[in-house]
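K.L.:
Generate coordinates for the sequence data below:
(chains A and B)
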Amino acid sequence: MPVKRFSICSGRVVDPSQGMDEPADIHIADGKILAIGDKPDDFTAEQTIDASGLVVSPGLVDLSARLREPGQEHKATIASETRAAACNGITTLCCPPDTKPVIDTPAVAELLQQRSEASGMSQVLPLAALTQGLQGKHLAEMGNLKEAGCVGVSNALKPIEDTRVLAHAFDYAASCDLSVFIQPIDPWLGRDGFAHEGQLSTRMGLAGIPSSTETIALSRDLLLIEQTGVRAHFCRISTAGAVALIREAKARKLPVTADVCAHQLFLTEVDLGPYDSQCHVYPPLRSQRDQDALRQGVADGTIDAICSDHQPHEPDAKLAPFGETEPGISALDTLLPLTLRLGREIHKPLVETLGYLSHAPAKILGTQAGTLQVGQQADLCLIDTQNYWQLNNGSFNSRCHNSPFLDWELQGRCVATFIRGRQVFSKIQT
Amino acid sequence: MKTMQFNEAGRLQHFLGIEGIKRPLLMKILQVAQSFVSSTEDGQQTVRKVPLLRGKTVMNLFFENSTRTRTTFEIAAKRLSADVINFNINASSTSKGESLTDTLHNLEAMYADMFVVRHTASGAAHFIARHVKPHVHIVNAGDGSHEHPTQALLDALTIQQVKGEFAPLRVAIVGDILHSRVARSLIFALNILGVSEIRAVGPKTLLPRHIETLGAHPYTNLKAGVTDVDVVVMLRLQRERMQSALLPSEHEYFQQYGLTEAVLEYAAPDVTVMHPGPINRGVEIASSVVDGSHSVILQQVSNGIAVRMAVMAMSMGVALS
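P.N.:
Coordinates of the predicted model:
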């Protein structure tokens, strides 16, 4: 019999959605948060979990994780990756529409949700395609896809070349009250590139992806956002120029938000040498100045959220000369420790740092997740912030181990996860 | 950049690029190469045959077509008494879906001692060096737009033979620097050897945006770029460049960036003209310059054999007096 009523006692409860950081007990009944602090009179816990020394956080929300299903099950599956997410405290994750087939029909959106439901781990929120087949020509059935559970629309890594189609797509998404999730990419500049156009690409003879690939697309998108009034979220920002443009757009009260992936805050183009295919990512690792600007953007709120941009690959996908490998990092296992480290390095209190992984992304997705408010679904995780560990092949929860952070010393780890009041993962010593 | 070229004892293990090699070793390679060149009355030629690599197997793995470079590596290996096998891999295994590492492990199992590798991807030689067994040595015969280190060495040897010293020299490299592995290796080599100035000359579409970080001064005007230089290295222009809107036409390229006798007037009076080949006469260089008195293009070709002998012998750890 699953435990229906339990208390997590003596933990440090950190909830960014309420600005809360205090020692407290938290009481859970029937999958919902019943109370924080004193136990309600009529509540009897069937179980008490001792969280002393641990942080009690809302379940983390990841704005982008490729699960590889449907279409690339040789890399990973919904079951394998939602389990990996859960073991890392991520209870909700958003899946871009570039699955095979693309999420441009309600059937595919429903399949994803049903399979994640069946796996009983993290909840998967799909993004719908903005255009059919991500081809940039005909609008996808956004209204129907929204009814099928999609939380936003996106053309993922396929830029829409035709500006008229893009403007119509924004208008139509706004009519459906859907946010567009935009990864700003100019379709032409840097099309054949593998690395940031800079000192290192010059030295290494790698075709470059200039920063203007991102800023030109972003500038165009901002003008269309202003024109159409659509809510927009900019994904995986990588350049100083993009940070400046978004800061300025927010100052003008445009309805925009932005995220950055954790690895962009720790790696730069320098990490490519000597042709480390684990550092082959898109957008490419940029310069130190870009990284400084991204960190500043996180610190001052220009960038709202941090995501994993999880892209699991089988070993062979990375076993070739740099330009012939597939881009991406298996990043579910490093999202929390890297973000905690960033928070320490930019001197943010824990309640703000965890906000980048919970309240902020939940708001962007328009879900009720990422909070410990009374009455909400009991998705939460216990974090041992003093746990020092090393990322190695044995410590991955993801099926795939493609990561440039292999052998890094990390601090902070999820030790237990609850989804809808059900304990799905625990490493707590009892 | 972390280098994989040296073994734990600090000796040359693979020859992957010029970057990361120090001047004493470069000078040593040039010296060994020079020892393989014997002067005759007609000019220079390499020594006929030495037994340094007897019983060793050298495999030329060319994932990209090249007749000239492959042939000079083959001759160099044969003059060192090695057994040589040529693989043109475009046509065989990888097109059937075999992975690069599988191909390598198969060839290793045939008791290869050295792979001479040319590949269209930058970093391919580094990748292969990382994945072969420790007894196999890799020589980079050109990786994408990254390096072509033996070409840079044969250019350096030629310059040394003609000019004597490197320190006073001004060198202009003209043409498609952006896509050129020859240019990158040569810029690295000439900086290590300590020339006075390196200029990279070409339209901005063919110059890497951060070329000055490699230690070369960019020039977009040919006459300005070759003014007072002691050595001009012309690069081959590939026809694909017209397709990707990098240049208007071959005709205009020759008018603006082609090396003619009139342009050469701006250079130092005893200027040396070099070209890695293959030459497109009338595209990047006038026939009269190719065949003129300043040209050392054929001397470069024969030096290519001597340099490759030196690099192969030294990478294999053969003791050289």
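K.L.:
For the rest of this, base every contact and every neighbour count on C-alpha atoms.
P.N.:
Will do.
K.L.:
Dihedrals phi and psi, residue 303?
P.N.:
Using chain A. As for A:Ile303, its main-chain torsions (degrees, to the nearest 10) stand at phi -100, psi 120.
K.L.:
show me where pLDDT drops low in the chain?
P.N.:
Going with chain A. By pLDDT under 70, the weakly predicted segments of chain A are A:1, A:429-430.
K.L.:
my question was about chain B
P.N.:
Using pLDDT under 70, the flagged stretches of chain B are B:1-3, B:39-46, B:90-97, B:319, B:321.
K.L.:
90 instead, please
P.N.:
Residues of chain B that meet the criterion pLDDT under 90 lie in B:1-4, B:7-11, B:37-49, B:64-68, B:87-111, B:134, B:238-245, B:277, B:302, B:317-321.
K.L.:
for it, what's the longest helix?
P.N.:
When chain B is parsed with DSSP state H, its longest helix is helix B:297-315.
K.L.:
which residue ranges form the helices in chain B?
P.N.:
Using DSSP H, the helices of chain B run over B:23-35, B:68-79, B:100-108, B:124-131, B:149-163, B:181-193, B:222-226, B:240-243, B:250-257, B:261-264, B:287-290, B:297-315.
K.L.:
how far does the first one sit from the chain's center?
P.N.:
From the chain centre to the centre of helix B:23-35 is a distance of 15 Å (Cα atoms, centre = their mean, to the nearest Å).
K.L.:
again, but for the second one
P.N.:
When distances are taken as Cα atoms, centre = their mean, helix B:68-79 is centred 14 Å away from the chain's centroid.
K.L.:
Now do the buried residues in it.
P.N.:
The neighbour-count check on helix B:68-79 (16 or more other Cα atoms under 10 Å in any protein chain shown) flags B:Thr69, B:Arg70, B:Thr72, B:Phe73, B:Glu74, B:Ile75, B:Ala76, B:Ala77, B:Lys78, B:Arg79 as buried.
K.L.:
helix, strand or coil for A:Ile160?
P.N.:
Following DSSP: H, G, I helix; E, B strand; the rest coil, we place A:Ile160 in the coil state.
K.L.:
Could you pull up the residues touching it?
P.N.:
The contact partners of A:Ile160, taken as Cα atoms under 8 Å, 6 or more residues apart in numbering or on different chains, are A:Gln135, A:Gly136, A:Leu166, A:Pro187.
K.L.:
Remind me which helix or strand the third one belongs to.
P.N.:
This means A:Leu166. helix A:163-175 (DSSP states H and E).
K.L.:
tell me how far that helix is from the chain's mean position?
P.N.:
With Cα atoms, centre = their mean, you get 25 Å for helix A:163-175.
K.L.:
Just give me the neighbour total for the one residue in chain B that gets nearest to chain A.
P.N.:
Closest residue of chain B to chain A, Cα to the nearest Cα: B:His146 (4.0 Å). Residues within reach of B:His146, counting by other Cα atoms under 10 Å in any protein chain shown, total 28.
K.L.:
got it, and A:Leu340?
P.N.:
Neighbour count for A:Leu340, taken as other Cα under 10 Å: 22.
K.L.:
Taking their axis directions, the longest helix of chain B and helix B:23-35 sit at what angle?
P.N.:
Using axes from the mean of the first three to the mean of the last three Cα atoms, to 10 degrees, the inter-axis angle of helix B:297-315 relative to helix B:23-35 is 120 degrees.
K.L.:
how about stretch B:8-18, does it reach chain A?
P.N.:
No: against chain A, stretch B:8-18 shows no contacts by Cα under 8 Å from any Cα of the partner chain, the least distance being 10.4 Å.
K.L.:
which outside residues touch that stretch?
P.N.:
Against stretch B:8-18 from outside (Cα under 8 Å, 6+ apart): B:4-7, B:125-126, B:129, B:137-140, B:147-149, B:152, B:185, B:188-189, B:311, B:314-317.
K.L.:
Of those, grab the buried ones for PyMOL.
P.N.:
To isolate the buried subset of those in PyMOL, counting by 16+ other Cα under 10 Å, use the following:
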select buried, chain B and resi 4+5+125+126+129+137+138+139+140+147+148+149+152+185+188+189+311+314+315+316
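K.L.:
Show me which residues of the stretch 201-350 of chain A sit near chain B.
P.N.:
Contacts of the stretch 201-350 of chain A with chain B, taken as Cα under 8 Å from any Cα, map to A:202-206, A:273-275, A:319-324.
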